[in-house]
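1. Just to be clear, the model below is a prediction. Sequence and coordinates:
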Amino acid sequence: EHRDEAWVQTVMTARTEQRVISQRGPYTPALNFGSSTIEGVIPILLIQSTAAAVIALPLAFIFSILVVRPQVRRIAHIAATSRHFATGDFNVRVRDRHQDEVGQLGQQFDDMADTIQKNFQTLRELAEQNAALARQVEEVATQNERLRLARALHDTIAQRLFSLSITAATLPDAITEDAQVGVARAKTVQAMAESTLTDLRALLIDLRPPDVIEMGLTKAL
């Protein structure tokens, strides 16, 4: 009997709710959740969501213009600066003084660019110094070679030519006084001339080796 009474009560409640719905029309439905009834929830939610969307879209557009686009431009500026830097233009900088993440990224890039530029300048100065030292070494080597040639010419060729000149100058008198002595001195002059010529050829070969001229340095070595 208790269950029957509860069933009758449920049926009566449902009929009452149907009459209320029919009187209010289709746009104000009533939802039954247990013992409580929430009336007109769906239209209110629909209106609220539509109004929120209408308000949110302009706000999102304004937010993108005021916040997102400047950030995108700043990031694009950092990317363009890095490309110019990669091509060898070491004077370009981002120069973004903002303290947000994008600004810190630009400042880190500027610090890195300053360090690379200083290192590059140091390497350039070292290269110039090395080139200057190489020129100095070449000049010193050239001077040393000239001194060596001067000593070689003075110690061998010049002295023998001087002796040959003195011997040749006394040769006519020696031939007049004693033919045999003159012939001996003539042979001495010939031997000295041949020795001097041999030394001169050795010096010329030392200066310009024929194998190097004909075959090149690699094959000659």
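-> That came through fine.

2. CA atoms for contacts and neighbours, from now on please.
-> Fine.

3. Report all helices and strands that the helix of greatest length in the chain contacts.
-> Taking DSSP state H as the criterion, the chain has its longest helix at helix 101-152. Applying 3 or more C-alpha pairs under 8 Å, 6 or more residues apart in numbering; DSSP states H and E, one finds that helix 101-152 makes contact with helix 69-86.

4. Pull the residues that contact the helix it packs on.
-> 91-94, 102, 106, 113 (C-alpha atoms under 8 Å, 6 or more residues apart in numbering).

5. Let me know the average pLDDT across the strand or helix carrying Thr198.
-> Using DSSP states H and E, Thr198 falls within helix 179-207. Mean pLDDT, helix 179-207: 84.

6. so it versus helix 101-152, what angle?
-> Here helix 179-207 runs at an angle of 180 degrees relative to helix 101-152 (axes from the mean of the first three to the mean of the last three C-alpha atoms, to 10 degrees).

7. Please report the distance of the residue positioned nearest the centre of the chain from Gln108.
-> The centre of the chain sits closest to Ala86, judged by C-alpha atoms, centre = their mean, with a distance of 6.2 Å. Note on Ala86: its distance to Gln108, by C-alpha to C-alpha, to the nearest Å, is 16 Å.

8. Give me the number of neighbouring residues for Thr58.
-> Let me fix one detail, which is that residue 58 is Pro and not Thr. Residue neighbour count, defined by other C-alpha atoms under 10 Å, stands at 11 for Pro58.

9. that older thread, now the angle from the longest helix of the chain to helix 69-86?
-> Angle, helix 101-152 to helix 69-86, by the same axes, to 10 degrees: 10 degrees.

10. and after helix 101-152, which helix or strand comes next?
-> Later in the chain than helix 101-152, the nearest helix or strand by DSSP H and E is helix 159-177.

11. Other residues contacting that next one?
-> 181-183, 185-186, 189, 192-193, 196.

12. and Asp89, which of the three is it?
-> With DSSP: H, G, I helix; E, B strand; the rest coil as the basis, Asp89 sits in coil.

13. can you give me phi and psi for it?
-> Backbone torsions for Asp89, taken as degrees, to the nearest 10, come to phi -90, psi 90.

14. And for Arg95?
-> Backbone geometry at Arg95, expressed as degrees, to the nearest 10, gives phi 60, psi 50.

15. Contact partners for it?
-> Contacts of Arg95 (C-alpha under 8 Å, 6+ apart): 106-107, 110.

16. let's see 7 Å
-> Listed by C-alpha atoms under 7 Å, 6 or more residues apart in numbering, the contact partners of Arg95 are 106-107.

17. what's the distance between Gln159 and Ala79?
-> Here the distance between Gln159 and Ala79 works out to 77 Å (C-alpha to C-alpha).

18. Val94 now?
-> On the measure of C-alpha to C-alpha, Val94 and Ala79 end up 9 Å apart.

19. More neighbours: which of those two?
-> Set Val94 next to Ala79 and count neighbours by other C-alpha under 10 Å: Val94 wins out with 21 against 14.
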